[in-house]
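>>> Build me a model from this:
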Amino acid sequence: MTETLFGGPSLPPAYPERAAWGTAQKLRAWQSEAMEKYFSLNPRDFLAVATPGAGKTTFALHVATQLLSRGTINRITIVTPTDHLKRQWADAAARVGISIDPNFKNTDGRHGKGFIGVAVTYAQVASKPLLHRAKTEAARTLVILDEIHHGGDALSWGDGIREAFDPAARRLALTGTPFRSDTSPIPFVEYVQGQDGIRRSRADYNYGYGEALKDHVVRPVMFMAYSGQMRWRTSAGEEMAATLGAPVTKDITSQAWRTALNPTGEWIPAVLAAADQRLLQVRRSVPDAGGLVIATDHEDARAYAAQLKKITGESPTVILSDDAKASDKIDSFSAGEKRWMVAVRMVSEGVDVPRLAVGVYATSTATPLFFAQAIGRFVRARKRGETASVFLPSVPNLMELASQLELERDHALDRPDKESDGFIDDSQMDEANREEKASDTLEKFKFEALESQASFDKVLFDGGEFGAGGAIGSDDEMDFLGIPGLLDAEQMGVLLRQRQADQQTRRRTKSAAEPEPSVPEVVDHRMLMDLRHELAKNVSAWSARSGMPHGKVHSELRRICGGPAVAQANEPQLQQRLKKLQDWFIGRK
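Coordinates of the predicted model:
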């Protein structure tokens with residue numbers, strides 16, 4: 001009898017494909033290290049925390065193959081958050097010779113003939129835990145719990161998997177996100193009490209984003225933050241205005257954020273157009289690179305898709321939870337070369353679309369867990385040098401999450417103050433999230449979005465900030481949109497610092513050439529706001545008539561008439577742009 005990679009007996013002749021895979025497939029360094037630790041411990045329960053894109057599926061299937069070859073197990077159950085991930089796991093298992101049935105339903109009683117196990121969802125297990133317990137007891141079962149943090153929900157999922165899989169011979173828990181819920185303990189996860197009295201989860205193996213970046217396993221992520229002027233009407237009828245990301249109260253920040261995401265304003269079209277410019281730049285080096293817009297709800301997703309079609313001339317793939325063909329659409333997009341996909345939550349967790357390189361975070365969901373899972377869709381590296389670019393609103397909590405991308409968080413229980421870290425805690429996300437209805441943490445603010453204007457704010461990368469803001473279409477913005485699509489992390493850092501220095505030099509030169517300012521006149525802010533509102537309506541009308549994106553209309557008006565962005569323009573400058581629009585409508589150049 002021959003020996004396999006980790007010293008166990010080889011697979012019997014009935015499993016030739018798994019035998020070949022178990023001895024021949026080359027593992028990444030972290031996967032080999034985790035395998036060695038697993039089999040040195042020979043545990044019943046093992047928790048592996050590895051950053052999205054690192055290859056958790058390959059690691060888990062390698063463990064499964066070895067356990068099968070040694071006779072430790074003879075059945076496998078894979079538990080996932082979504083139906084699409086069931087198929088994804090079954091496809092990955094099939095490539096290594098393990099037959100997993102992803103179509104098993106609770107009403108079937110048993111899985112199809114020829115399969116060695118099933119892939120099910122957490123919801124499926126929670127609805128019939130005793131059925132799955134009986135199946136677990138009937139064989140030496142390995143249970144792979146993908147994205148195990150779902151077991152910490154305070155409702156039925158945690159209780160369901162505890163009841164169903166308590167008799168399992170082995171349990172392998174995986175997560176791609178440092179999780180924290182501050183609610184119920186996650187089943188089959190060990191907790192250790194610290195000196196502060198708080199119990200925290202203990203992973204058996206950790207492989208964070210920072211380590212993976214150094215190993216060139218994941219892509220470096222450049223965050224493009226966009227600010228701008230927002231105006232809205234409260235439920236009391238009061239008109240409010242604020243700059244997105246300005247140091248204001250949480251309520252005003254939330255309402256400004258929602259105004260920016262409103263599809264009828266100027267912020268979203270301008271940011272989508274900028275993201276598409278970035279995607280086209282990346283595609284010069286990576287021809288099949290794709291983009292993903294993550295929206296708050298179905299209505300916004302459809303509206304964003306319509307705007308992308310105007311910008312690109314191509315209908316994006318739209319992924320909605322009520323679409324029976326959603327999984328097929330994801331697979332088709334992943335295998336194709338279309339530029340854009342728009343989704344709500346379905347593509348935020350676990351779904352593998354390796355060619356995604358540009359993202360737009362156009363959602364009001366702001367938990368650390370959701371943010372990390374969403375960013376994880378863009379970091380999977382296929383070859384050295386691929387980069388990821390994510391566009392997002394310039395609001396404080398998102399800026400902090402972006403700057404702390406490498407921070408590892410354990411699942412903490414007994415936390416006395418759920419908002420002590422300034423974030424909305426993941427436990428506050430309700431059960432509807434499981435059905436892909438995005439948690440809108442800002443929904444309590446009733447208001448009417450009136451107007452939004454976008455401006456480039458800054459770039460965040462590797463804990464640093466670059467750029468000093470600029471108008472849409474300005475050189476200050478284009479410096480960063482035009483960064484090459486193939487750069488490793490070190491090259492990206494060097495280039496960002498160079499672009500920052502170039503901007504500072506350009507601004508010093510411009511400042512030196514400007515005359516000394518005269519004594520300012522008193523400005524009528526109400527009149528300026530009315531002019532901005534009138535300009536926004538006229539730009540929107542011209543965009544609808546000409547097919548030109550809103551952001552490009554504003555850029556063209558600035559090019560012809562001169563002056564700063566709308567938020568900084570004075571009365572004569574706004575009046576001149578309005579007059580130019582009137583000329584366009586009547587056919588005068």
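
>>> This protein - how does it break down into domains?
16-207, 221-509, 525-585 (automatic domain parsing).

>>> could you dump the ones you listed to a markdown table with mean neighbour count and mean pLDDT?
C-beta: built from backbone N, CA, C; applies to glycine. As requested, the domains of the chain are exported to a markdown table (neighbours: other CB atoms under 10 Å; pLDDT from 0 to 100):
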| stretch | mean neighbour count | mean pLDDT |
| --- | --- | --- |
| domain 16-207 | 20 | 86 |
| domain 221-509 | 19 | 82 |
| domain 525-585 | 17 | 83 |
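
>>> In contact with Ala139, which residues?
Contacts for Ala139 (CB atoms under 8 Å, 6 or more residues apart in numbering) come out as 73-75.

>>> Provide the secondary structure category for it.
Under DSSP: H, G, I helix; E, B strand; the rest coil, the three-state class of Ala139 is coil.

>>> still on that earlier bit, now the domains of the chain in CSV, with distance to Lys214?
Listed next are those as CSV, based on distance: least, CB to CB, whole Å:
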stretch, distance to Lys214
domain 16-207, 11
domain 221-509, 8
domain 525-585, 37
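
>>> Please name whichever of the ones you listed is nearest to Leu213.
Among those, domain 221-509 comes nearest to Leu213, with 5.5 Å by CB to CB.

>>> and the end-to-end length of the closest one?
Domain 221-509 has its terminal residues 31 Å apart, counting by CA to CA, to the nearest Å.

>>> who's in contact with Cys561?
Cys561 touches 573, 576-577, 580, counting by CB under 8 Å, 6+ apart.

>>> Next one: it from Arg545, what distance?
Cys561 sits 19 Å away from Arg545, going by CB to CB, to the nearest Å.

>>> what do you get for Ser389?
The gap separating Ser389 from Arg545 is 32 Å, by CB to CB.

>>> circling back: among the domains of the chain, which is nearest Asp215?
domain 16-207 (6.6 Å).

>>> centre of the chain versus that closest one, how much separation?
In terms of CA atoms, centre = their mean, to the nearest Å, the centre of domain 16-207 is set 23 Å apart from its chain centre.

>>> Confirm Gly587 sits in a helix?
No. Gly587: not assigned to a helix; according to three-state DSSP it is coil.

>>> Phi first, then psi, for Leu574.
The phi/psi pair for Leu574 (degrees, to the nearest 10) reads phi -70, psi -40.

>>> do the same with Gly109
According to degrees, to the nearest 10, Gly109 has phi 80, psi -50.

>>> quick one: contacts for it?
Each residue near Gly109 by CB under 8 Å, 6+ apart is listed here: Leu131.

>>> Can you tell me how far it is from Val79?
In terms of CB to CB, Gly109 sits 18 Å off from Val79.

>>> mind listing the helices for the stretch 51-200 of the chain?
Secondary structure of the stretch 51-200 of the chain (DSSP state H, counting those that start in this stretch): helices located at 56-69, 83-95, 122-127, 129-137, 156-165.

>>> Helix, strand or coil: sort out Val293 for me.
Once three-state DSSP is applied, Val293 turns out strand.

>>> Return the set of residues that bridge with it.
Val342, Val360 (DSSP bridges).

>>> check contacts around it.
272, 275, 301, 304-305, 308, 316, 340-343, 359-360, 362.

>>> In TSV: the residues you listed, plus distance to Ala295.
Shown next, in TSV, are these (distance: CB to CB, whole Å):
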residue	distance to Ala295
Leu272	11
Ala275	13
Ala301	4
Tyr304	6
Ala305	9
Leu308	11
Pro316	11
Trp340	12
Met341	11
Val342	6
Ala343	7
Gly359	12
Val360	9
Ala362	5
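
>>> Out of those residues, flag the one nearest to Trp30.
Using CB to CB, the shortest approach to Trp30 within the contacts of Val293 belongs to Gly359, at 24.7 Å.

>>> Contacts only, for the closest one.
So Gly359 contacts 275, 291-294, 374-375, 377-378, 388-391 (CB under 8 Å, 6+ apart).

>>> how near is the closest residue to Leu67 other than its chain neighbours to Ile144?
Nearest residue to Leu67 in three dimensions, chain neighbours excluded: Ile73, at 4.6 Å (CB to CB, 6 or more residues apart in numbering). To Ile144, Ile73 is 11 Å away according to CB to CB.
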